[in-house]
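Q: all I have is the shape, not the residue letters:
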């Protein structure tokens, strides 16, 4: 199998399609879509790419109430020992798409928390990531693949169900 996001883009004919079209295409891929397959497609980078979405495999943390083992993160600033990032997986798919739309007219490479904090959907997604807790490198997702990447069913919440995480996120909005 080729690269998952490349396959989706080729099927779209390099044209923007509806969210429903992308979701159906991802369903067609079925078991071929997994976090391990994505991360193995590389190339992996040592640091997250600012202004781009990034997948990576973090080391686990015991003190968190729950966490995503395969975050899809948009870095938005530095923080002690790492960076602040928006993890799209903390939102249900419909809200991920709305957040992408809200970010669409922003200069993401220059965006920071202060310039984005007025977007209500961001509150439950902001996380502090420690760079020494990265097990893999960072898989950079280019802008043309942001939507399909947000729709991929690769979130891996630990210590809580996805329903619980999304319910908590909705309450924060």
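A: All right, it came through fine. Keep in mind it's a predicted model, so treat the numbers as computed, not measured.

Q: residues in contact with stretch 33-47?
A: By Cβ atoms under 8 Å, 6 or more residues apart in numbering, the residues outside stretch 33-47 that reach it are 1, 3-4, 26, 55-57, 69-70, 131, 136-140, 152-154, 156. Backbone N, C-alpha and C define where each C-beta goes, glycine included.

Q: and what of stretch 130-137?
A: With contact meaning Cβ under 8 Å, 6+ apart, stretch 130-137 is reached by 39, 42-47, 56-59, 61, 81-83.

Q: what's the end-to-end length of that stretch?
A: End-to-end distance of stretch 130-137 (Cα to Cα, to the nearest Å): 13 Å.

Q: next, the buried residues of that stretch.
A: Neighbour counts over stretch 130-137 (16 or more other Cβ atoms under 10 Å) mark 134, 136-137 as buried.

Q: drop anything exposed from the contacts of stretch 130-137.
A: Taking 16+ other Cβ under 10 Å as the criterion, what is buried in those is 39, 44, 56-58, 82-83.

Q: phi, psi for residue 67 please.
A: The phi/psi pair for residue 67 (degrees, to the nearest 10) reads phi -160, psi 160.

Q: in helices only, show me the contacts of stretch 33-47.
A: Cross-referencing the contacts of stretch 33-47 against helices under DSSP state H gives 4, 26.

Q: farthest pair within the contacts of stretch 130-137?
A: For the contacts of stretch 130-137, the maximum inter-member distance is 26.3 Å, found between 43 and 61 (Cβ to Cβ).

Q: sorry, back to before: any chance of a markdown table for the buried residues of stretch 130-137, columns pLDDT and distance to residue 17?
A: Below are those laid out as a markdown table (pLDDT from 0 to 100; distance: Cβ to Cβ, whole Å):
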| residue | pLDDT | distance to residue 17 |
| --- | --- | --- |
| 134 | 83 | 32 |
| 136 | 85 | 29 |
| 137 | 88 | 30 |
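
Q: mind listing which of the contacts of stretch 130-137 are in helices?
A: Among the contacts of stretch 130-137, DSSP H puts residue 39 in helices.

Q: what about the contacts of stretch 130-137, which are in strands?
A: Secondary structure from DSSP state E places 44-45, 82-83 of those in strands.

Q: nearest to residue 112, of the contacts of stretch 130-137?
A: residue 83 (10.7 Å).

Q: my read: that closest one touches residue 75, true?
A: Yes. Counting by Cβ atoms under 8 Å, residue 75 is a contact partner of residue 83 at 4.8 Å.
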